[in-house]
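Student: Predicted model, plus sequence, below.
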Amino acid sequence: MLVGMDDARVRGLFPLDLVLMPGESRALHIFEPRYRSLYADCVLEGQPFVLVREHEGQTAAVGCEADFTRLVQRAEDGRLMVLVEGRDVVAIGEPVGGRLYRAAHVTGLVDDDETADGALVTEVGERYRALAARAGADRDTPHDGDAPLSYRVAGGVEMPDDVLQQLLETRSEPTRLRMVADALERVLEHVEATQEARDRAPTNGAGPHP
């Protein structure tokens, strides 16, 4: 669902082969002059940019508006290491010229008025904690932040970018949580299979000797 066209605004685009979730923090390495220019403009004007997935030459139609939150390192040759944080999901519209970097009109997207039932929320939490335990961490489902739970969970684990992009493009929180629960189950199965293979490796797959 689109917000009204009065909400349309111009944002610089940062196309990368990755997906940023609302509420998620990431480190980005900026080395091209056009993206250094994007960083400078955003910081000077106090404006966000849009991180949008570009994969195999195709730029997604939906991205994540984000802020540059911290300059971590500036190299002598101008390269930057920065932290960014996702904000809102936006639809990317008509391009805007006149800048060194790509820019476009973007329009905010809002969710449908659906509420996930408690059983689904519990299922997501259980799988998230099980995956954290497999990694040797004792973490509860992430509750902090204003972003929907589906985005907060997806931003805290490794998921395929195709799944993350689909989450960005889905306007139903219950549907997203179902997708997250299924993705977490697949990740758990992969982790368990990998661990089993490692455990069996010393015995050449024959199992433990009597």
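Tutor: Alright, I've got the coordinates.

Student: domain parsing for the chain?
Tutor: Following automatic domain parsing, the chain resolves into domains at 5-108, 118-201.

Student: Same question for stretch 171-188: list its buried residues.
Tutor: Across stretch 171-188, burial judged by 16 or more other C-beta atoms under 10 Å covers 172-181, 183-184, 187. No exception for glycine: its C-beta is placed from N, CA and C like everyone else's.

Student: and residue 123, how far is that from residue 172?
Tutor: 16 Å (C-beta to C-beta, to the nearest Å).

Student: er, residue 36 actually
Tutor: Here the criterion is C-beta to C-beta. By it, residue 36 lies 38 Å from residue 172.

Student: What part of the chain, helix or strand, is modelled with the least confidence?
Tutor: Least confident helix or strand, the chain: helix 173-200 with a mean of 89, by mean pLDDT, DSSP states H and E.

Student: Which strands and helices lie in contact with that helix?
Tutor: On a contact count with 3 or more C-beta pairs under 8 Å, 6 or more residues apart in numbering; DSSP states H and E, helix 173-200 meets helix 118-134, helix 149-154, helix 161-169.

Student: which residues touch the first one?
Tutor: Pointing back at helix 118-134 there. Under the criterion C-beta atoms under 8 Å, 6 or more residues apart in numbering, residues 138-141, 149-150, 153, 156-157, 174, 177-178, 180-181, 184-185, 187-188, 191-192, 195 lie in contact with helix 118-134.

Student: 6 Å - rerun?
Tutor: Residues from elsewhere that reach helix 118-134 (C-beta atoms under 6 Å, 6 or more residues apart in numbering): 139, 141, 153, 177, 180, 181, 184, 188, 191.
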